[in-house]
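[1] 3D, please:
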Amino acid sequence: MAQRKTTSTNRSNQRSGSSSKKAPASSRSSKNTRQPVVYEEKEPLYSVIWTYSWGKALYLLLGILVLIGLDFLIAMNHYDLFFTVLGIEIIAAMLIGWIVFIILDRMKQKEQSSDMQDEDVEE
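    As a prediction, the model looks like this:
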């Protein structure tokens, strides 16, 4: 390969960081007036993931895995204690889910009955 020869003036310019081509001073002053940067606020990642149907399933799976991991830590490799605590948690989750379902179902029935009464009054 052929090497490029450099002169002493080129070496001194390279060391000092200056270049032979400089922009005129008038063009620099016009470029110094910068527009302020406007940042858009973005939604957090966890709320974006929640909007997808697979995101809700992912959060449910992560919650279950964290719960099982905490049970392992509490039980400290005593499997009978692990399964006892896990069974109690499953029963508690089923009871809470059932109670929430009943409450939401009753609220929906009340809304439907009030809508039907409003329709009867309008006739």
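[2] residue nearest the centroid of this structure?
    Central residue of the chain (C-alpha atoms, centre = their mean): Leu45, 1.7 Å from the mean position.
[3] What segments of this structure are helices?
    Remark: helices assigned in the chain by DSSP state H are 8-16, 25-31, 45-51, 53-75, 79-122.
[4] Which other helices and strands does the third one contact?
    Packing contacts for helix 45-51, counted by 3 or more C-beta pairs under 8 Å, 6 or more residues apart in numbering; DSSP states H and E, involve helix 53-75. Every C-beta, even on glycine, is put in place using the N, C-alpha and C of the backbone.
[5] helices and strands around the helix it packs on, which ones?
    In terms of contacts (3+ C-beta pairs under 8 Å, 6+ apart), helix 53-75 is packed against helix 45-51, helix 79-122.
[6] Looking at the first one now, give me its mean pLDDT.
    Along helix 45-51, the predicted local confidence has a mean pLDDT of 91.
[7] I'd like the helices of the chain laid out as a markdown table, including distance to Val37.
    Putting these into a markdown table (distance: least, C-beta to C-beta, whole Å) gives the following:
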| stretch | distance to Val37 |
| --- | --- |
| helix 8-16 | 32 |
| helix 25-31 | 16 |
| helix 45-51 | 22 |
| helix 53-75 | 31 |
| helix 79-122 | 46 |
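[8] follow-up on the earlier one: now do the contacts for the residue nearest to the centre of the chain.
    Residues near Leu45 by C-beta atoms under 8 Å, 6 or more residues apart in numbering: none.
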